[in-house]
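In: Sequence and predicted structure below; questions after.
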Amino acid sequence: MAIYEKLEAKPAPQGTKGIVHWVKENLFPSVLSSILTIISFYILYITIPPLLDWMIFDATWSGTKEEITKDGARWIFIFEKFNQFIYGFYPEELYWRPNLALVIFVAYIIAFKRVNVKLKAFIIISFPIITYTLVAGGFGLEHVETEKWGGLLLTIIVASVGIVASFPIGILFALGRQSNMPIIKTISVLYIEFIRGVPLITLLFMSSVILPLFFPEGMDFDKLLRALIGITLFQAAYIAEVIRGGLQAIPKGQYEAADAMGLSYWQSMGLIILPQALKISIPNLVGSFISLFKDTTLILIIGLFDILAMVTLTNSDTNWLGFETEGYVFVTMIYWVICFSMSKYAKSIEDKFNTDHK
């Protein structure tokens with residue numbers, strides 16, 4: 001005779017519970033959560049409609065300054081000064097060159113996740129060369145002085161160079177701090193702790209004003225190049241600490257396994273240890289890169305006009321006084337879009353390399 005066991009009823013699958021159940025479970029699971037949800041909805045109610053009215057419904061999108069009759073945002077200021085916000089003082093007839101560099105950048109970003117290691121190395125090496133040739137000139141292209149670079153173009157260049165150049169330097173200092181060689185370890189520790197204890201604005205000032213004092217008479221570095229050196233050295237110290245944290249998270253057995261296989265130090269680091277450490281460090285690395293992107297606004301202190309500085313500069317135009325609010329909102333949206341895109345792109349890379357078993 002068959003014996004049947006009574007099974008307990010199981011909850012319905014999540015997809016069949018409906019929106020009412022989701023609202024109850026996520027927004028009103030308890031008295032305290034219900035109060036906080038109501039307060040949040042009230043704050044959204046009193047802030048979002050006026051904000052939408054100012055930004056969209058009551059905004060002025062076209063016409064001239066004299067034709068403004070609405071109380072909302074006056075976006076005609078952004079349209080009028082758009083080229084300066086994006087390109088700074090770059091010659092208008094040469095806008096196609098940074099535009100082409102941007103198209104190549106997007107193509108490289110899309111291809112980066114789909115190609116092998118050798119092609120990744122080619123992308124990392126070739127892109128700065130191609131970008132500099134297009135923007136600055138060379139190989140038959142008209143030369144454009146860096147003093148004319150500005151706006152979002154300059155912001156992206158400074159941030160990109162700082163991120164790409166600081167990454168390998170940071171790896172070397174992270175390995176140096178983990179080294180058993182006293183001299184190498186001491187130099188790495190002193191560099192990392194000194195740089196991390198000094199504000200970026202100080203390094204920018206030193207690289208722009210103090211550093212040229214040590215050059216031979218008649219020798220001078222480009223102002224932008226000096227800023228890039230300062231930003232790269234600053235970011236490398238933070239990258240080193242992030243990667244060091246990843247190295248410390250690797251189990252000791254991984255090092256022992258590499259030694260048992262007879263691998264050299266650089267082979268074990270390049271093939272076994274560093275790939276795992278970098279995978280672990282992706283979230284913190286992205287946080288450092290986003291922070292660097294926002295810190296590029298400090299280059300104004302040495303006379304370089306990024307997109308935020310261009311807002312301040314365009315507001316000094318006597319024909320467009322009093323439009324700084326629209327300019328700062330526009331810059332805020334650009335920074336948010338870029339930083340959010342960086343975060344989502346890094347999350348996709350993190351998910352791709354996630355080998356943890358669940």
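Out: On my side now, so go ahead.
In: Centroid-nearest residue for the protein?
Out: Geometric centre of the chain, nearest residue: I290, 3.3 Å, by Cα atoms, centre = their mean.
In: Secondary structure element holding the closest residue to it other than its chain neighbours?
Out: Closest residue to I290 apart from its sequence neighbours, by Cβ to Cβ, 6 or more residues apart in numbering: C339 at 5.0 Å. Bear in mind the C-beta positions are built from the backbone N, C-alpha and C, glycine included. According to DSSP states H and E, C339 maps onto helix 324-352.
In: quick one: the residue nearest to the centre of the chain and V329, what's the gap?
Out: Distance from I290 to V329, counting by Cβ to Cβ, to the nearest Å: 20 Å.
In: next one: L321
Out: 17 Å.
In: same question, Y265
Out: 52 Å.
In: Neighbour count for those two, which is higher?
Out: With neighbours defined as other Cβ atoms under 10 Å, Y265 and V329 compare such that V329 has more, 16 against 13.
In: Was I right to think the more buried one contacts A73?
Out: Yes: V329 lies in contact with A73 (Cβ atoms under 8 Å); the separation is 7.1 Å.
In: nearest residue to K185 other than its sequence neighbours?
Out: K185 sits nearest to S179 (Cβ to Cβ, 6+ apart), 5.0 Å away.
In: three-state assignment of that neighbour?
Out: The three-state label given to S179 by DSSP: H, G, I helix; E, B strand; the rest coil is coil.
In: What pLDDT does the model give it?
Out: At S179, the model reports a pLDDT of 87.
In: Same check on N354?
Out: For N354, pLDDT reads 70.
In: Same check on E92?
Out: Value for E92, per-residue pLDDT: 92.
In: Look at the nearest residue to it once chain neighbours are set aside and say how many residues are nearby.
Out: Counting by Cβ to Cβ, 6+ apart, N83 is the residue found nearest to E92 once chain neighbours are left out, at 6.7 Å. By other Cβ under 10 Å, the residues close to N83 number 14.
In: what's the pLDDT at N83?
Out: 92.
In: doesn't it fall inside a strand?
Out: No: counting by three-state DSSP, N83 is not part of a strand but helix.
In: and it, how far is that from G245?
Out: Distance from N83 to G245, by Cβ to Cβ: 43 Å.
In: what's the answer for C339, then?
Out: 22 Å.
In: got it, and I123?
Out: Taken as Cβ to Cβ, the span from I123 to G245 is 27 Å.
In: And for I19?
Out: I19 is 41 Å from G245, by Cβ to Cβ.
In: now swap in Y328 and tell me
Out: 35 Å.
In: Give the buried residues for whichever strand or helix holds E256.
Out: According to DSSP H and E, E256 maps onto helix 252-260. Neighbour-count burial for helix 252-260 flags A258 (criterion: 16 or more other Cβ atoms under 10 Å).
In: Check the average confidence over that helix, would you?
Out: On average, helix 252-260 scores 85.
In: Could I get the pLDDT score of G137?
Out: 88.
In: Checking the closest residue in space to it that isn't next to it in sequence next. Helix, strand or coil?
Out: Spatially, and ignoring its direct neighbours in sequence, G137 is nearest to H143 (3.7 Å; Cβ to Cβ, 6+ apart). Following three-state DSSP, the label given to H143 is coil.
In: next one: the one 4 residues further on
Out: Taken by three-state DSSP, the conformation at E147 corresponds to helix.
In: can you pull the contacts of it?
Out: 89, 223 (Cβ atoms under 8 Å, 6 or more residues apart in numbering).
In: quick one: low-confidence parts of this protein?
Out: Under the criterion pLDDT under 70, the flagged ranges of the chain are 1-7, 9-17, 355-358.
In: Does K148 touch G88 like I think?
Out: Yes: contact criterion Cβ under 8 Å: K148 and G88 qualify, at 6.7 Å.
In: Show residues contacting stretch 172-191.
Out: 192, 236-237, 239-241, 243-244, 247, 269.
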